[in-house]
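Novice: Structure of the sequence below:
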Amino acid sequence: MFVPAVCTLFAAGFFAGGVLNVRDYGAKGDGVTNGRAAIQVCINAAAAAGKNVYFPAGTYYMVPSSGRCITMPSNVELRGAGDTSIIKGLDTKANDAIFDVSGKTNIKLTDLKLMGTNTDADAFLVLIHGVTVKNLTLTRCTFDMALNALNISGGSQNPYSENILVQDCRTLTGCLNVAYVQRCKGFEAYGGEHEVNRVGYPYMGQPDAWHPHHFYLSGYLEGVYIHDMVLTGGCHAAIYLGGNGPAENVLFKNIKMYEIGMGWSIMNSNNVVMDGITWVHDERLSDYCIWLTGDTTNFTLKNSTITGYGTYALATVECAPTDTNTIGPNVTMTNCAGWGDADGCWVGKGSTKPTIVQPVNVSK
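Specialist: Sure thing, here's the model as predicted:
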């Protein structure tokens, strides 16, 4: 069970330069009154004075203006009292955002619960949106009722965001994705439990148009480290890596996955390691555990256990000819459907089977 660390409110550093309370600026936190303008004024004043911002327990309801609830300045931390400090944004149209951190640097959100309202089936709120943001840290936050908890990308002038850290946060089933990330150098997420929606969202009359993932790592990424967390739910690829561009130097380590609806899609990527993965599928799994495609090279799966539900191949390989991918050592897969060879690999035309480093144990 997730227990907010309320005592960290008094951590050294947060009060060092002074703190502004959003209640003192007119934010009521009653779950009804639109506090957007008051909260924006408080945050702007804090940044100008070199101070931070505190949200006491309450529900701070906001209605977006021009697609955004709050436009963040640089060099400020927002902190609450854990899950009792709720920041709720009204869904008015697709890709509205509660916090826009674009173009800013040195922003921290700590001990807050962020959520939408899901009042419109075709309106999906993004909780935190950032284009070319640098040094963004999210700590012990809870995310719910949103398209993406975190949406990070590069821009036309500066092509990359940099140094994004998500630590000890959790995601509830009302979210479609924990994070959508592209064009980023340095993304790390660790700790917490992340459950995403298990059925998909409707959009424009289509009942299952939006597919839930945990981490949609779109492409043009350098230095990704996702580790020491629990993933549950979803109905599409839990990890989607490199689909829209290359990804370099990626490590997934010590991740526990339960009741996952589909496997990992790894495309156009180089130097990818999965180490210490414990993975239990349910009956919703489709036809693969790991799908390597699109010139993926230097991929390694090791020290991992996968338990299927009549699951198909351990690794489905549709890469360009390469012998740089490796499965093993210490990989065990049980209850697979037998699609693939004795090592659990199905290899597409023109591809090369990964190198098998024993022991690798695959059984039906």
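Novice: Longest strand of this structure, counting residues only.
Specialist: Identified as the longest strand of the chain according to DSSP state E is strand 215-233.
Novice: Pairing partners for that strand, with directions?
Specialist: strand 175-190 (parallel), strand 193-196 (parallel), strand 239-241 (parallel), strand 247-260 (parallel) (DSSP bridges).
Novice: Could you point out which of the ones you listed sits nearest Leu165?
Specialist: Across those, Leu165 has its closest neighbour in strand 175-190 (5.2 Å, Cβ to Cβ). Heads up, the C-betas are built off the backbone N, CA and C, glycines and all.
Novice: For the closest one, buried residues please.
Specialist: Residues 175-190 are the ones in strand 175-190 that count as buried (16 or more other Cβ atoms under 10 Å).
Novice: just the CA coordinates of the longest strand of the chain, formatted as CSV?
Specialist: In CSV, the C-alpha atoms belonging to strand 215-233 read as follows (Å, rounded to 0.1, in the frame of the first residue of the first chain):
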residue,chain,number,x,y,z
PHE,A,215,5.8,3.7,-20.8
TYR,A,216,5.4,4.9,-24.4
LEU,A,217,9.0,5.8,-25.2
SER,A,218,8.4,7.0,-28.7
GLY,A,219,11.9,7.6,-30.0
TYR,A,220,15.0,9.9,-30.4
LEU,A,221,16.0,9.0,-26.9
GLU,A,222,19.4,8.8,-25.2
GLY,A,223,19.9,7.4,-21.8
VAL,A,224,16.7,5.8,-20.4
TYR,A,225,16.8,4.0,-17.0
ILE,A,226,13.5,2.5,-15.7
HIS,A,227,13.9,0.3,-12.6
ASP,A,228,12.7,-1.0,-9.3
MET,A,229,9.0,-0.7,-9.8
VAL,A,230,5.8,-2.7,-10.2
LEU,A,231,3.7,-2.5,-13.4
THR,A,232,0.1,-3.9,-13.7
GLY,A,233,-2.8,-3.7,-16.2
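Novice: Buried residues, it. List them.
Specialist: Within strand 215-233, the residues that count as buried by 16+ other Cβ under 10 Å are 215-224, 226, 229, 231-233.
Novice: how much space between Glu248 and Asn151?
Specialist: Distance, Glu248 to Asn151, using Cβ to Cβ, to the nearest Å: 21 Å.
Novice: So for those two, which residue has more residues nearby?
Specialist: Asn151 (22 against 17; other Cβ atoms under 10 Å).
Novice: Now do the helix or strand the more buried one falls within, average pLDDT.
Specialist: Element membership of Asn151, judged by DSSP states H and E, is strand 146-153. For strand 146-153, the mean pLDDT works out to 94.
Novice: do the same with stretch 242-261
Specialist: For stretch 242-261, the mean pLDDT works out to 91.
Novice: before we move on, back to that, quick check, nearest of the buried residues of strand 215-233 to Ala57?
Specialist: Comparing these against Ala57 with Cβ to Cβ places Met229 closest, at 26.6 Å.
Novice: list the contacts for the closest one?
Specialist: 189-194, 255-256 (Cβ atoms under 8 Å, 6 or more residues apart in numbering).
Novice: Swap in 7 Å and give it another go.
Specialist: 190-192, 194, 255 (Cβ atoms under 7 Å, 6 or more residues apart in numbering).
Novice: Also Trp291?
Specialist: Counting by Cβ under 7 Å, 6+ apart, Trp291 touches 263, 265-266, 316.
Novice: Can I get those in a markdown table including distance to Val101 and neighbour count?
Specialist: Output for these, formatted as a markdown table (distance: Cβ to Cβ, whole Å; neighbours: other Cβ atoms under 10 Å):
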| residue | distance to Val101 | neighbour count |
| --- | --- | --- |
| Gly263 | 32 | 28 |
| Ser265 | 28 | 23 |
| Ile266 | 28 | 29 |
| Thr316 | 37 | 23 |
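Novice: and of those, the nearest to Ser102?
Specialist: Once Cβ to Cβ is applied, the member of the contacts of Trp291 that ends up nearest Ser102 is Ser265, at 27.7 Å.
Novice: in which helix or strand would I find the closest one?
Specialist: strand 264-267.
Novice: Let me know the angle separating the next helix or strand after that strand from strand 247-260.
Specialist: Under the assignment DSSP H and E, the closest C-terminal helix or strand after strand 264-267 is strand 269-281. Strand 269-281 and strand 247-260 are oriented at 10 degrees to each other (axes from the mean of the first three to the mean of the last three Cα atoms, to 10 degrees).
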